[in-house]
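Student: Predicted structure and sequence below. I'll ask about it afterward.
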Amino acid sequence: MNIARTQLPALLRNARRAGNPAAAAAVARAVTLPAHQRTDGTEGVCVTIPHLRVESTPNRRGHWARGEPLRRQQRAMIALFLGRLPRLPRTPVSVRLVRVYAGRAQAFDDDNLIAAFKAVRDEIAALYGVSDAPGGPLAWAVAQERGEATGVRVEISPKRA
């Protein structure tokens, strides 16, 4: 799922329709890449995606399809923010996903944290064109921390031999 510049207006409309002006502003800022995040593929990158929410899906009740809009939004935001990099670090890489939570939100236990990042993992693997299965070129780690605002930080660093 690659996001083209022509799809940015639709992402902005959806963020505004959802009543999340902060997410709309984040999408609007996403069209330019800061100079400190330019890479030639040999060094790691760290991208923070503000206002991206991940949910503990195993504890959610109801039909599975109710979560589909959130999964689509997560994949679209990952594709938007990582897809604008000129080049992702070359495989094999270590990918660390950090959930930043704020306000009255609670920390997830470790099994729910892993499940909450499923759509994010799937999209990063799709951007690389590989599977996210164990033993592949992507090594995964998850963490969470309290911060000022909700979001997700993606840290991708090349594995050193």
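Tutor: That came through, no problem. As the structure is a computational prediction, the values presented were derived from the model and not from experiment. Residues are numbered from 1 along each chain as shown.
Student: in stretch 154-161, what counts as buried?
Tutor: Of the residues in stretch 154-161, those with enough neighbours to count as buried (16 or more other CB atoms under 10 Å) are 154-156. Every residue, glycine included, has its C-beta placed from N, CA and C.
Student: Looking at the protein, which helix is longest?
Tutor: When every helix of the chain is counted residue by residue (DSSP state H), the longest turns out to be helix 68-83.
Student: in its sheet, what does the next helix-or-strand element following that one sit against?
Tutor: Next helix or strand after helix 68-83 toward the C-terminus (DSSP states H and E): strand 93-101. Strand pairing for strand 93-101, determined by DSSP bridges: strand 138-146 (parallel), strand 151-158 (antiparallel).
Student: Serialize the ones you listed to JSON lines and add fields for mean pLDDT and distance to Glu55.
Tutor: Output for these, formatted as JSON lines (pLDDT from 0 to 100; distance: least, CB to CB, whole Å):
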{"stretch": "strand 138-146", "mean pLDDT": "95", "distance to Glu55": "13"}
{"stretch": "strand 151-158", "mean pLDDT": "94", "distance to Glu55": "12"}
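Student: so of the ones you listed, which one's packed in deepest?
Tutor: Sort these by mean neighbour count, taking mean count of other CB atoms under 10 Å, and strand 151-158 sits at the top with a mean of 19.
Student: what inclination does it have with respect to helix 68-83?
Tutor: Between the direction of strand 151-158 and that of helix 68-83, the angle (axes from the mean of the first three to the mean of the last three CA atoms, to 10 degrees) works out to 50 degrees.
Student: elements contacting the longest helix of the chain?
Tutor: helix 8-17, strand 45-50, helix 118-128, strand 151-158 (3 or more CB pairs under 8 Å, 6 or more residues apart in numbering; DSSP states H and E).
Student: Which one, of the ones you listed, ends up nearest to Gly83?
Tutor: Gly83 lies closest to helix 118-128 among those, at 6.7 Å (CB to CB).
Student: Now do that closest one: everything it contacts.
Tutor: Helix 118-128 is contacted from outside by 1-2, 54, 57, 70-71, 74-75, 78-79, 82-83, 88, 91, 95, 97, 131-132, 136-138, 140, 152, 154, 156, using CB atoms under 8 Å, 6 or more residues apart in numbering.
Student: Drop anything exposed from those residues.
Tutor: If we count by 16+ other CB under 10 Å, these have these buried: 54, 57, 70-71, 74-75, 78-79, 82-83, 88, 95, 97, 132, 138, 140, 152, 154, 156.
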